[in-house]
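Q: Need coordinates for the following:
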Amino acid sequence: MASTAGATGWLRGKVKAVPSGDSLVIMGSTKAEIPPEKTVTLSSLIAPRLARRGGVDEPFAWESKEFLRKHCIGKDVTFKVDYTVPSIGREFGTVFLGDKNVAYLVVSEGWAKVREQGQQKGEASPYLTELLRLEEQAKQQGLGRWSKVPGATESAVRNLPPSAIGDPSNFDAMGLLAANKGRTMQGIVEQVRDGSTLRVYLLPEFHFVQVFVAGVQAPSMGRRPTNDTIPETEVSTDDTNGEISGESQQPPTSAQRLAASSLSITEVAPDPFGREAKHFTEICVLSRDVRIVLEGVDKYSNLIGSVYYPDGDTAKDLALDLVQNGFARFLEWSANMMEDEAKRKLKAAELQAKKDRLRIWTNYVPPASNSKAIHDQNFTGKVVEVVSGDCIIVADDAVPYGSPLAERRVNLSSIRAPKMGNPRRDEKPAPYAREAREFLRTRLIGHQVNVSMEYSRKVGVPDGPSTVVSSSADSRVMDFGSVFLVKSENDEASSPSVNQPGVTNVAEMVVSRGFATLVRHRDFEERSNHYDALLAAESRAINSRKGIHSAKDPPVMHITDLTMASAKKARDFLPFLQRSRRHAAVVEYVLSGHRFKLLIPKETCTIAFSFSGVRCPGREEPFSDEAIALMRRKILQRDVEIEVETVDRAGTFLGSLWESRTNMAVILLEAGLAKLQTSFGSDKIPDAHLLAQAEQSAKRQKLKIWENYVEGQEVSNDSSTETKQKEVLKVVVTEVLGGGKFYVQTVGDQKVAAIQQQLAALNIKEAPVIGSFNPAKGDIVLAQFSVDNSWNRAMQQKSSRVKIQDRVAIQNSKMTGQCEICIETCATPCLIVLIVNGPRGAVKSQNDTFEVFYIDYGNQEIVPYSRLRPLDSSISSAPGLAQLCSLAYIKVPNLEDDFGQEAAEYLSECTLHNTKEFKAMIEERDASGGKARGQGTGTVLVVTLVDVEAEVSINAAMLQEGLARLDRKKKWDTRERKAALDGLEEFQAKAKRERLKIWQYGDVQSDDEELAPPPPRKAGGRR
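A: The predicted structure follows:
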């Protein structure tokens, strides 16, 4: 207690509580978090006694206490202890409120009587004379307890309910809640049990109840020691003021003794910051008028409510203050009874207290999170695709129009829409998934949006954001952000964003329609910057029972997918599409520049659709990606019109397509991204003259595929003598696989010399320290080849099946001018590998093995970690020099088939075991292998391989040796293919006559597979 008068004994403090009409609890004016406090009874005064357990008030007891409480609570006072009575453990003193003696105020208003002398000498107030004078004056005026009004004494006794006099057994908590749910009730806090538990008088009935503060939980105050007195519900007042009462106190009941014994078994210390939390609540609400809004009742009939106390002209929320100051934690089950806005404030306050590590959160350690904030990544663009109800693809305005690099996938922050499923895994869309996507499609496609990226999250590949990430190889990073739709005058009315006026938060729009739910983030997990608005939107959707919150059955839409059906079923469906000239459709996917997957709502089916007579470059060919990007930008998920003319043998419908009355084939041709094939029959194509004009315009401007076009050198498309100029490469063979496949390098390619120069300049260091270099699957690194100890560019993958050392010697001699003998003594060339497989997790030993693929030669092997080195990105980014090829027009046995090993050895002898150069004439490109991930994968060039010196076709030589057979002719083959097969027929006939190799038992081939129509192509899309 801070002293201001030194030896005079006068002290300063603040009134914390008023237990009765003649006593005060005063706490010291110190900066300590829990200052000392003292209970002071006013000297020489006796106020009326409040009711005890089972008793009644003395007349004017409540009014006396209220007078003192309203005058003194929370006020700064000066006080002095006049005397003490050790027998009852009380201190009596004089208290000044400013320059006014508090005892004078009480006595002058008639709320206490003056005791002239105590049992011991000196037990009297130093101001006794003046107190007696003021008492006499109050009696004469009939003030307070001296009132002379008839019946005033009887009316000054409160009619207390049982709960106020220690009998809570008949208290109906549920009835009180039902009568006052959501209403404000007045009360006075009589006791603070802990920081979040209060005992309150509810006015005007004086129900004495225990109230748990809703939504929070403060640290416990522990359990009292053995020598504690029996706890009583009521707050008793001093009735003797230093004198021993003439009334004998009633002995405790058996129930009280049992309660006392159960509480006194063991002492439990308060939780950390338990005392501080209780003190904070006491100085806020103890002995003060409060407003209580009842929220609920627990199973023990304890009331749960929100408590508001006055602070100047405003009212403050006790729960929010406790959480903000780190004295309480957010309590989910209790907060669920509150309004959403109050609940959000509490949760946000707890998060901030954790960040600031206030009090109970001093040692708080945030849980590990797989999300990472994204800062200052804002862009504008147009929506190209709606993937689902919570994911869209936006074309960035800052990237050139039509570029594939312009598209950015954006997942809407902090929301989760129903999954669209995966047809390839027979996963059907979840309820309301189609509706959520359609809702966004009709509002966003082609519209301008502002995107603010907020965070990224690493998730497992198979199941999306809910999957636990196990390793970097099995995960991907998803970017999340807020998307704002720039509203036009024709847009439907919707609530604009608070932070960006004039625009609408797309996530809020989806949630408010009931098409998505909010993600309940963990503490310190990154979330939307507009999370509060999303919570409010979800609350509105739940209350309105919209979408997924509805009790109704979700709408069901049955779609016939003709893209996955047989060609016969597609042909059977053709008459239905030709009944009406034009059909309304929606472009679901862009499969290539001229081929799409369409949804026809009227016929409830999806079809594969292609432009009649217009063809774009195929996959992996130049300008293929540009054609796809242009069509995605122009028509993906747009409402279009189609006119179906026929269906091809693969089940793809052919016709014309219009978007906003514009023939989209014309757009492709004008951009130089497609060619017109009039062999289809120009009389069948609507707008054929427009298509021809568009193609001629692109030719004149030499756009894209026409950049090398020279007028007059091309034969017209409808000429019967049309021939196609084939691409011919000069190559050397570097690796032979089975089944007629092999790897080649292009002779004279500038890339070869450039890469070798870069590798020769490298300084190969000692083996890396474990932990500093952790190669993973798919990484491009340097590897030391096991045969000659040379360093190679590699990707992790199996050992070669043909004599590798010969191939290495040949290639090194070609590229560096060295012979096989001097490889060990000269500067060793470096080869690069792609890691295909390796140990799970981090490298633990120099002997850990990796499967690598030599991307410049085509072979692969298993090497230890000690033979790997990191590679600079400027070198690793260069594509591999080895190109996978296969022999055209023939079928060569695989290694595991009869004569498969002999076929591989013969091909190796013809190509690998010498330094000859070959001409590879590209007949077609097979991109079904996807991206190169190891040996035997990637785009395959189907070639005719010709020995330049001997002018002998390797394809024909394989047939003549009986190590291959012709890929039989089919009725739909082109004239060019049929002519090539006819030319090779004589070489196969010779092997048959002589019964060589595969023909030793006669004709072994079956015509069934050759005469059958081609299998239907499954639709695959660029998402």
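Q: Low-confidence stretches in the stretch 651-800 of the chain?
A: Across the stretch 651-800 of the chain, the ranges flagged by pLDDT under 70 are 678-684, 711-725, 750, 753, 757, 760-766, 786-800.
Q: Next SSE downstream of the helix or strand of the chain with the lowest mean pLDDT?
A: Using mean pLDDT, DSSP states H and E, the weakest-scoring helix or strand in the chain turns out to be helix 804-816, at a mean of 37. Counting by DSSP states H and E, the next helix or strand C-terminal to helix 804-816 is strand 830-837.
Q: Counting by contacts, list what the following helix or strand past that next one packs against.
A: Where DSSP H and E defines the elements, the next helix or strand beyond strand 830-837 is strand 849-854. Under the contact definition 3 or more CB pairs under 8 Å, 6 or more residues apart in numbering; DSSP states H and E, strand 849-854 sits against strand 780-784, strand 791-795, strand 830-837, strand 860-864. Using the backbone N, CA and C atoms, a C-beta is placed for each residue, glycine as well.
Q: Let me know the average pLDDT across strand 849-854.
A: Per-residue pLDDT over strand 849-854 has a mean of 87.
Q: what's the angle from that strand to strand 830-837?
A: Relative orientation of strand 849-854 and strand 830-837, computed by axes from the mean of the first three to the mean of the last three CA atoms, to 10 degrees: 120 degrees.
Q: what comes up buried for strand 849-854?
A: 850, 851, 852, 853, 854 (16 or more other CB atoms under 10 Å).
Q: Can you lay out these as CSV showing distance to residue 329?
A: Formatted as CSV, the buried residues of strand 849-854 follow (distance: CB to CB, whole Å):
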residue, distance to residue 329
850, 49
851, 52
852, 53
853, 55
854, 59
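Q: And these, which is closest to residue 610?
A: residue 853 (36.2 Å; CB to CB).
Q: Quick check, that closest one in contact with residue 934.
A: Yes - Residue 853 is within contact range of residue 934, at 4.7 Å (criterion: CB atoms under 8 Å).
Q: Next, the contact list for residue 704, please.
A: With contacts defined as CB atoms under 8 Å, 6 or more residues apart in numbering, the neighbours of residue 704 are 623, 626, 671, 672, 673, 698.
Q: Farthest-apart pair in those residues, please.
A: Spatially, the most separated pair among these is 626 and 698, at 12.9 Å (CB to CB).
Q: Mean neighbour count, the helices and strands packed on strand 849-854: which tops it?
A: strand 791-795 (a mean of 28; mean count of other CB atoms under 10 Å).
Q: picking up where we left off before, out of the contacts of residue 704, who's the most crowded?
A: residue 673 (27 neighbours; other CB atoms under 10 Å).
Q: With adjacent residues omitted, what lies nearest to it?
A: Nearest non-adjacent residue to residue 673, counting by CB to CB, 6 or more residues apart in numbering: residue 627, 4.1 Å away.
Q: ok now the longest helix belonging to the chain, how far from the chain's centre?
A: Counting residues, the longest helix found in the chain (DSSP state H) is helix 975-993. Here helix 975-993 is found 60 Å from its chain centre; the criterion is CA atoms, centre = their mean, to the nearest Å.
Q: pLDDT (mean, whole number) over that helix?
A: For helix 975-993, mean pLDDT is 85.
Q: Check stretch 126-133 too.
A: Mean predicted lDDT for stretch 126-133 stands at 90.
Q: Start the count at 325 instead of 1 going forward.
A: In the new numbering, first residue 325, that becomes stretch 450-457.
Q: List of residues touching it?
A: Residues outside stretch 450-457 that contact it (CB under 8 Å, 6+ apart): 367, 368, 369, 406, 418, 425, 427, 428, 431, 438, 440, 449.
Q: buried residues in it?
A: In stretch 450-457, counting by 16+ other CB under 10 Å, buried: 451, 452, 454, 455.
Q: now residue 846: how far from residue 697?
A: From residue 846 across to residue 697, the span is 15 Å (CB to CB, to the nearest Å).
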